[in-house]
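Chemist: Build the 3D model from these lines:
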Amino acid sequence: MDADHDGKLSGKEISAWMQKLGLSTSEKSMLHLMALRDNRKRGSLDFQGFVGLNRDSVPEDETEASNKEASRQKILMEAFEIFDKDHDGLISPKELCRTLEDLGLMDNRQEDSEYVNMIKQNDFDGDGQINFTDFENMMNHKDGKSDKCT
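Modeler: Sure, this is the predicted structure:
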């Protein structure tokens, strides 16, 4: 995502990736979101700030918490749907492969077994595919099999 390799993400860089993921957002709205995590007021985010965009902050009241959770769920579902190409509610290794290649994150020289292994790391029910609950747990880093050393 860091197109200029400066170790920070600008609103323009994040907006570009959001568009690649099929999510439309303006650079202005991205800068507004970034301001919530840009503690140093630099107009950019370091890695921790970027991670913070994907985690809930402490809400001021119950309504705000409910709105934030609903918004977060919507964003997670939109991200999940980008990978779920056949809209069956599951991400298969083939869908993972196709999406990562479409985004330019992997090349077509990867072995199919690499995508199967990526799925296995976060397939909590062991069915060989990622459902929304698996995806949500992975994004929240809950009980991740990938965090365990064997």
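Chemist: Flag the shaky bits of the protein, pLDDT-wise.
Modeler: The model of the chain has pLDDT under 70 over residues 23-27, 37-40, 53-66, 108-110, 142-150.
Chemist: in it, which spans are strands?
Modeler: In the chain, the segments counted as strands under DSSP state E are 9-10, 44-45, 90-91, 130-131.
Chemist: and the first one, which strands flank it?
Modeler: What that stands for is strand 9-10. The pairing partners recorded for strand 9-10 under DSSP bridges are strand 44-45 (antiparallel).
Chemist: again, but for the last one
Modeler: With DSSP bridges as the test, strand 130-131 is paired with strand 90-91 (antiparallel).
Chemist: what about stretch 115-128, how long is it end to end?
Modeler: Stretch 115-128 has an end-to-end distance of 11 Å (C-alpha to C-alpha, to the nearest Å).
Chemist: Flag every buried residue along that stretch.
Modeler: Y115, V116, M118, I119, N122, D123 (16 or more other C-beta atoms under 10 Å). C-beta coordinates here come from the backbone N, C-alpha and C atoms, glycine included.
Chemist: which ones are touching the third one?
Modeler: It stands for M118. Shown in contact with M118 (C-beta atoms under 8 Å, 6 or more residues apart in numbering): P93, L96.
Chemist: picking that back up, dump the strands of the chain into JSON lines; add mean neighbour count and distance to L100 as well.
Modeler: Output for these, formatted as JSON lines (neighbours: other C-beta atoms under 10 Å; distance: least, C-beta to C-beta, whole Å):
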{"stretch": "strand 9-10", "mean neighbour count": "22", "distance to L100": "20"}
{"stretch": "strand 44-45", "mean neighbour count": "22", "distance to L100": "23"}
{"stretch": "strand 90-91", "mean neighbour count": "22", "distance to L100": "11"}
{"stretch": "strand 130-131", "mean neighbour count": "24", "distance to L100": "13"}
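Chemist: would JSON lines of these with distance to T99 be doable?
Modeler: Output for those, formatted as JSON lines (distance: least, C-beta to C-beta, whole Å):
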{"stretch": "strand 9-10", "distance to T99": "21"}
{"stretch": "strand 44-45", "distance to T99": "24"}
{"stretch": "strand 90-91", "distance to T99": "8"}
{"stretch": "strand 130-131", "distance to T99": "11"}
